[in-house]
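[1] Structure for this input, please:
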Amino acid sequence: MFRVGLSGEFRDAGGRVRYPGLSFALLEDDPDVEIVDKPDRSFDRPGDLADVDAMLTLWNPVEPGALREGMRTALVARSAVGYEDMAIGRMTGCGIGYANAPGAFARPVAYALLSLMTAVTSRLLERNRLIGAGEEGWRTSRTMAGMDLRGRTLGLLGLGRIHRAFLDLTSGLGMRRIAWNRTDRPTLMAAQRCEQVSLDRLFRESDILSVCLPVADDTRRIVSAERLGLMKRGAIVLNAGRGALIDEAALVAALREERLSGAGLDVLETEPAEPGNPLLAMPNVVLTPHSLCVTGRIFHDAFTEALGAILAVKEGRVPENLVNPEVVRMPSWRAKLEGLSGARAS
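    Residues are numbered from 1 along each chain as shown. Here you go, the predicted structure:
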């Protein structure tokens, strides 16, 4: 019997599915699968995962305390993208694969970036606040100049799936497009009609800088005070990646000093937002609570993608969306997959 742990966040106390578009039918209708309901919390205790072959989570992380060598678990899958709170190094050492759902989020997060960009450049929220200010507010709004996107430079910090989808969405806006990526991708850049530039050039030349990278030692606060200081006066910063990519205090300073004209942020360094966060009071900053991409379809697509990884492992196959491919070389991982494949064949 292939046992799948299901994080408690997927269902409420009455057993009803919490998120639109989710269905457990592929698991429930399979006579060789048993669903093991788990609590709605971080998995950080010995035994949390010990009784399952695969574990499916959404927001709840799997931490080192739940992992040990020789345990039964072959895969942890998350129906989301981020993994900085997942103990992936420890998983690899224990012969456990980790998979996420990058494909499901690429287009919706790109739409979110487009929403943030148009809201900030048009000064949408500032105009919205003036609509109730009578005739004076109407007059003021008519003299507020936004940023015309034609001829502007869109700079992308990272060129993963999300930013590639964003390039597709913005292809008809008449913008110059430049990008920096941690690894050189000249062929991909050329195919996207996007110029590959150095990190310093990206900051110096961008009128609109979009940030979307995984958080790692070399990307944490990559948008630093020094690099913000390179940017053009009046430039705009967008972030739908992770809050830790930007030095938030430095961003606040650049906005206060009017070196930047605005920002659109779906993520913050501390989430939920702290009541005293100065970004909350800035009229030229558009903030959303790390959820601007959320639609009914995205939960279905992400769940389906993560579930596909689990079903691959059940059949003894390596998932396509494996985040730690080095685990494939681990004898303990191979033994688990061979065991599952053998059980299926028998």
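
[2] use CA for all of it now, contacts and neighbours both
    Will do.

[3] Spell out the secondary structure type for the residue of the chain positioned farthest from its centre.
    In the chain, the greatest distance from the average C-alpha position (C-alpha atoms, centre = their mean) is reached by E135, at 42.3 Å. When classified by DSSP: H, G, I helix; E, B strand; the rest coil, E135 comes out as helix.

[4] list the contacts for it?
    If a contact means C-alpha atoms under 8 Å, 6 or more residues apart in numbering, then E135 has no contacts.

[5] Confirm D218 sits in a helix?
    No - counting by three-state DSSP, D218 is not part of a helix but coil.

[6] what comes up buried for stretch 114-121?
    L114, L116, M117, T118, A119, V120, T121 (16 or more other C-alpha atoms under 10 Å).

[7] L125 versus the fourth one, what's the distance?
    As defined by C-alpha to C-alpha, to the nearest Å, T118 lies at a distance of 11 Å from L125.

[8] Could you check how far the worst-scoring helix or strand of the chain on mean pLDDT is from the centre of its chain?
    Lowest by mean pLDDT, DSSP states H and E among the helices and strands of the chain is helix 331-345, with a mean of 84. Helix 331-345 sits 31 Å away from the centroid of its parent chain (C-alpha atoms, centre = their mean, to the nearest Å).

[9] Tell me which residues of that helix come out buried.
    Buried-residue list, helix 331-345, by 16+ other C-alpha under 10 Å: S332, W333, R334, K336, L337, E338, L340, S341.

[10] How about the third one: what's its closest non-neighbour residue?
    In space, not counting the residues next to it along the chain, R334 is nearest to V328; the distance is 6.6 Å by C-alpha to C-alpha, 6 or more residues apart in numbering.

[11] can you give me the strands for the stretch 201-346 of the chain?
    Here the stretch 201-346 of the chain has its strands, by DSSP state E, counting those that start in this stretch, at 208-211, 235-239, 260-265, 285-287.

[12] could those strands go into TSV alongside mean neighbour count, distance to R129 and mean pLDDT?
    Compiled in TSV, the strands of the stretch 201-346 of the chain are given as follows (neighbours: other C-alpha atoms under 10 Å; distance: least, C-alpha to C-alpha, whole Å; pLDDT from 0 to 100):
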stretch	mean neighbour count	distance to R129	mean pLDDT
strand 208-211	26	24	98
strand 235-239	25	20	98
strand 260-265	26	16	98
strand 285-287	22	13	98
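
[13] could those strands go into CSV alongside distance to R221?
    Listed next are the strands of the stretch 201-346 of the chain as CSV, based on distance: least, C-alpha to C-alpha, whole Å:
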stretch, distance to R221
strand 208-211, 11
strand 235-239, 12
strand 260-265, 15
strand 285-287, 19
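
[14] What backbone torsions are found at M55?
    phi -130, psi 130 (degrees, to the nearest 10).
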